[in-house]
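Novice: The amino acid sequence is not available; the structure is as follows:
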(Lines give C-alpha, C1' and ligand atoms only; values in the text may rest on other atoms or scores of the structure.)
Protein backbone atom coordinates (compact mmCIF):
# COMPACT_ATOMS: atom_id res chain seq x y z
CA UNK A 1 0.00 0.00 0.00
CA UNK A 2 1.44 3.43 -0.92
CA UNK A 3 2.36 5.78 1.96
CA UNK A 4 -0.18 8.29 0.64
CA UNK A 5 -3.59 7.40 -0.84
CA UNK A 6 -3.83 7.33 -4.63
CA UNK A 7 -5.62 10.51 -5.67
CA UNK A 8 -8.38 9.84 -8.24
CA UNK A 9 -10.45 12.16 -10.43
CA UNK A 10 -13.75 10.62 -11.62
CA UNK A 11 -14.98 11.71 -15.07
CA UNK A 12 -18.46 10.60 -16.16
CA UNK A 13 -21.51 12.48 -17.40
CA UNK A 14 -23.89 10.42 -15.23
CA UNK A 15 -24.11 11.65 -11.61
CA UNK A 16 -25.32 8.25 -10.39
CA UNK A 17 -22.16 6.62 -11.80
CA UNK A 18 -19.93 9.21 -10.15
CA UNK A 19 -21.75 8.79 -6.85
CA UNK A 20 -21.44 5.00 -7.02
CA UNK A 21 -17.73 5.13 -7.74
CA UNK A 22 -17.10 7.67 -5.01
CA UNK A 23 -18.98 5.51 -2.51
CA UNK A 24 -16.95 2.48 -3.50
CA UNK A 25 -13.62 4.31 -3.14
CA UNK A 26 -14.67 5.76 0.21
CA UNK A 27 -14.22 2.24 1.55
CA UNK A 28 -10.63 2.00 0.25
CA UNK A 29 -7.83 3.07 2.57
CA UNK A 30 -5.34 3.57 -0.28
CA UNK A 31 -7.61 5.36 -2.81
CA UNK A 32 -9.20 8.76 -2.33
CA UNK A 33 -11.43 10.75 -4.71
CA UNK A 34 -10.18 14.34 -5.06
CA UNK A 35 -12.77 15.54 -7.56
CA UNK A 36 -15.33 14.83 -10.27
CA UNK A 37 -16.04 16.08 -13.78
CA UNK A 38 -19.03 15.65 -16.08
CA UNK A 39 -17.29 16.05 -19.47
CA UNK A 40 -13.88 16.14 -21.10
CA UNK A 41 -13.36 19.89 -20.91
CA UNK A 42 -14.10 19.96 -17.20
CA UNK A 43 -11.91 16.87 -16.75
CA UNK A 44 -8.88 18.66 -18.18
CA UNK A 45 -9.50 21.77 -16.08
CA UNK A 46 -9.96 19.79 -12.87
CA UNK A 47 -7.01 17.48 -13.55
CA UNK A 48 -4.68 20.44 -14.07
CA UNK A 49 -6.02 22.17 -10.95
CA UNK A 50 -6.12 19.16 -8.62
CA UNK A 51 -3.15 17.11 -9.83
CA UNK A 52 -4.68 13.63 -9.36
CA UNK A 53 -2.55 10.50 -9.71
CA UNK A 54 -5.17 8.70 -11.81
CA UNK A 55 -8.03 10.01 -13.94
CA UNK A 56 -10.90 7.55 -14.31
CA UNK A 57 -12.24 8.59 -17.73
CA UNK A 58 -15.49 7.81 -19.50
CA UNK A 59 -15.31 8.14 -23.30
CA UNK A 60 -18.69 9.10 -24.70
CA UNK A 61 -19.87 12.31 -23.05
CA UNK A 62 -21.75 15.37 -24.27
CA UNK A 63 -19.47 18.21 -25.31
CA UNK A 64 -15.80 17.25 -25.14
CA UNK A 65 -15.36 13.48 -25.31
CA UNK A 66 -12.93 11.36 -23.36
CA UNK A 67 -10.40 10.77 -26.16
CA UNK A 68 -10.09 14.51 -26.79
CA UNK A 69 -9.58 15.03 -23.06
CA UNK A 70 -6.85 12.35 -22.95
CA UNK A 71 -5.03 14.05 -25.83
CA UNK A 72 -5.42 17.43 -24.15
CA UNK A 73 -3.97 16.16 -20.88
CA UNK A 74 -0.98 14.67 -22.71
CA UNK A 75 -0.42 17.88 -24.68
CA UNK A 76 -0.45 19.91 -21.46
CA UNK A 77 2.03 17.62 -19.75
CA UNK A 78 -0.34 16.33 -17.07
CA UNK A 79 1.34 13.68 -14.94
CA UNK A 80 -1.86 11.78 -14.16
CA UNK A 81 -2.37 8.30 -15.57
CA UNK A 82 -5.65 7.94 -17.46
CA UNK A 83 -7.68 4.79 -16.96
CA UNK A 84 -10.65 4.51 -19.30
CA UNK A 85 -13.86 3.19 -17.76
CA UNK A 86 -16.61 2.87 -20.35
CA UNK A 87 -19.36 0.65 -21.71
CA UNK A 88 -17.88 0.35 -25.21
CA UNK A 89 -15.14 -1.94 -26.51
CA UNK A 90 -15.30 -1.38 -30.28
CA UNK A 91 -12.32 -0.55 -32.51
CA UNK A 92 -13.54 3.01 -32.89
CA UNK A 93 -13.49 3.51 -29.11
CA UNK A 94 -10.51 1.44 -27.97
CA UNK A 95 -7.86 2.32 -30.54
CA UNK A 96 -8.16 6.14 -30.39
CA UNK A 97 -8.12 6.02 -26.57
CA UNK A 98 -4.99 3.85 -26.42
CA UNK A 99 -3.28 5.93 -29.11
CA UNK A 100 -4.15 9.13 -27.25
CA UNK A 101 -2.27 7.84 -24.22
CA UNK A 102 -4.66 5.93 -21.95
CA UNK A 103 -2.81 3.72 -19.48
CA UNK A 104 -5.61 1.18 -19.29
CA UNK A 105 -9.07 0.36 -20.58
CA UNK A 106 -11.79 -1.24 -18.48
CA UNK A 107 -15.49 -1.80 -19.04
CA UNK A 108 -18.19 -0.78 -16.59
CA UNK A 109 -19.02 -4.41 -15.85
CA UNK A 110 -15.68 -4.71 -14.02
CA UNK A 111 -15.97 -5.70 -10.37
CA UNK A 112 -15.00 -3.23 -7.63
CA UNK A 113 -11.93 -5.35 -6.85
CA UNK A 114 -10.85 -5.33 -10.52
CA UNK A 115 -11.28 -1.57 -10.73
CA UNK A 116 -9.32 -0.98 -7.56
CA UNK A 117 -6.49 -3.23 -8.77
CA UNK A 118 -6.47 -1.39 -12.11
CA UNK A 119 -6.13 1.99 -10.39
CA UNK A 120 -3.23 0.73 -8.29
CA UNK A 121 -1.57 -0.77 -11.37
CA UNK A 122 -2.01 2.40 -13.44
CA UNK A 123 -0.58 4.46 -10.59
CA UNK A 124 2.49 2.22 -10.57
CA UNK A 125 2.94 2.56 -14.34
CA UNK A 126 1.25 -0.65 -15.41
CA UNK A 127 -1.32 -1.26 -18.14
CA UNK A 128 -4.64 -2.97 -17.45
CA UNK A 129 -7.00 -4.04 -20.22
CA UNK A 130 -10.41 -5.66 -20.10
CA UNK A 131 -10.22 -9.17 -21.63
CA UNK A 132 -12.30 -8.17 -24.65
CA UNK A 133 -10.07 -5.14 -25.23
CA UNK A 134 -6.90 -7.20 -24.94
CA UNK A 135 -8.31 -9.67 -27.49
CA UNK A 136 -9.19 -6.85 -29.86
CA UNK A 137 -5.69 -5.40 -29.68
CA UNK A 138 -4.11 -8.82 -30.16
CA UNK A 139 -6.23 -9.37 -33.27
CA UNK A 140 -5.09 -6.01 -34.64
CA UNK A 141 -1.43 -6.85 -34.00
CA UNK A 142 -1.79 -10.22 -35.74
CA UNK A 143 -3.18 -8.64 -38.90
CA UNK A 144 -0.42 -8.15 -41.48
CA UNK A 145 0.63 -4.58 -42.13
CA UNK A 146 -0.64 -3.12 -45.39
CA UNK A 147 1.99 -3.70 -48.06
CA UNK A 148 0.71 -1.35 -50.73
CA UNK A 149 -0.64 2.13 -51.06
CA UNK A 150 0.66 5.54 -50.05
CA UNK A 151 1.84 6.33 -46.55
CA UNK A 152 -0.83 7.73 -44.26
CA UNK A 153 -0.44 11.20 -42.77
CA UNK A 154 0.64 9.70 -39.43
CA UNK A 155 3.11 7.35 -41.11
CA UNK A 156 4.64 10.32 -42.92
CA UNK A 157 4.94 12.18 -39.61
CA UNK A 158 6.72 9.21 -38.02
CA UNK A 159 9.04 8.83 -41.02
CA UNK A 160 9.88 12.56 -40.93
CA UNK A 161 10.83 12.32 -37.25
CA UNK A 162 12.95 9.24 -37.91
CA UNK A 163 14.72 11.21 -40.65
CA UNK A 164 15.47 13.87 -38.02
CA UNK A 165 17.12 11.25 -35.85
CA UNK A 166 14.35 10.79 -33.31
CA UNK A 167 14.13 7.42 -31.59
CA UNK A 168 10.78 5.78 -30.91
CA UNK A 169 10.41 7.31 -27.46
CA UNK A 170 11.16 10.81 -28.72
CA UNK A 171 8.81 10.41 -31.70
CA UNK A 172 6.05 9.17 -29.39
CA UNK A 173 6.48 12.21 -27.14
CA UNK A 174 6.34 14.66 -30.04
CA UNK A 175 3.22 13.05 -31.54
CA UNK A 176 1.53 12.37 -28.17
CA UNK A 177 1.15 8.66 -28.92
CA UNK A 178 2.62 5.54 -27.34
CA UNK A 179 5.93 3.97 -28.31
CA UNK A 180 4.02 0.84 -29.34
CA UNK A 181 1.96 2.92 -31.77
CA UNK A 182 5.14 4.42 -33.24
CA UNK A 183 6.52 0.91 -33.77
CA UNK A 184 3.30 -0.14 -35.51
CA UNK A 185 3.46 2.86 -37.85
CA UNK A 186 7.11 2.08 -38.61
CA UNK A 187 6.25 -1.51 -39.49
CA UNK A 188 3.66 -0.18 -41.95
CA UNK A 189 6.21 2.24 -43.39
CA UNK A 190 8.77 -0.56 -43.87
CA UNK A 191 6.17 -2.75 -45.61
CA UNK A 192 4.94 0.00 -47.92
CA UNK A 193 8.44 1.16 -48.83
CA UNK A 194 9.69 -2.45 -49.04
CA UNK A 195 12.61 -1.88 -46.66
CA UNK A 196 13.81 -3.55 -43.48
CA UNK A 197 15.18 -0.81 -41.25
CA UNK A 198 15.06 2.87 -40.33
CA UNK A 199 17.99 3.99 -42.48
CA UNK A 200 16.58 2.31 -45.57
CA UNK A 201 13.15 3.81 -44.88
CA UNK A 202 14.63 7.32 -44.68
CA UNK A 203 16.62 6.76 -47.88
CA UNK A 204 13.53 5.49 -49.70
CA UNK A 205 11.55 8.43 -48.33
CA UNK A 206 13.97 10.90 -49.90
CA UNK A 207 14.16 8.94 -53.17
CA UNK A 208 10.38 8.99 -53.51
CA UNK A 209 10.06 12.65 -52.58
CA UNK A 210 8.19 11.92 -49.36
CA UNK A 211 10.64 13.86 -47.22
CA UNK A 212 11.48 16.72 -49.55
CA UNK A 213 15.00 17.61 -50.56
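Specialist: Structure received. On a predicted model such as this, the values are computed, not experimentally measured, just so you know. Residues are numbered from 1 along each chain as shown.

Novice: contacts, neighbours, all on C-alpha from now
Specialist: Will do.

Novice: can you list the weak-confidence ranges in this structure?
Specialist: Across the chain, residues meeting the criterion (pLDDT under 70) sit at 1-2, 141-148, 213.

Novice: Which stretches in it count as helices?
Specialist: In the chain, the segments counted as helices under DSSP state H are 15-25, 40-50, 66-75, 91-100, 112-123, 131-142, 153-163, 168-175, 179-193, 198-207.

Novice: Give me the buried positions along the first one.
Specialist: Right, the one you point to is helix 15-25. Within helix 15-25, the residues that qualify as buried by neighbour count (16 or more other C-alpha atoms under 10 Å) are 18, 21-22, 25.

Novice: okay, the helices of the chain, which one's buried deepest?
Specialist: Most buried of the helices of the chain, by mean neighbour count (mean count of other C-alpha atoms under 10 Å): helix 66-75, with a mean of 22.

Novice: what packs against it?
Specialist: If contacts are counted by 3 or more C-alpha pairs under 8 Å, 6 or more residues apart in numbering; DSSP states H and E, helix 66-75 sits against helix 40-50, helix 91-100.

Novice: Same list (these) but as TSV, adding distance to residue 189.
Specialist: Putting those into TSV (distance: least, C-alpha to C-alpha, whole Å) gives the following:
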stretch	distance to residue 189
helix 40-50	33
helix 91-100	18
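
Novice: Which one, of the ones you listed, ends up nearest to residue 83?
Specialist: For the helices and strands packed on helix 66-75, distance to residue 83 was read as C-alpha to C-alpha. The smallest value, 9.7 Å, belongs to helix 91-100.
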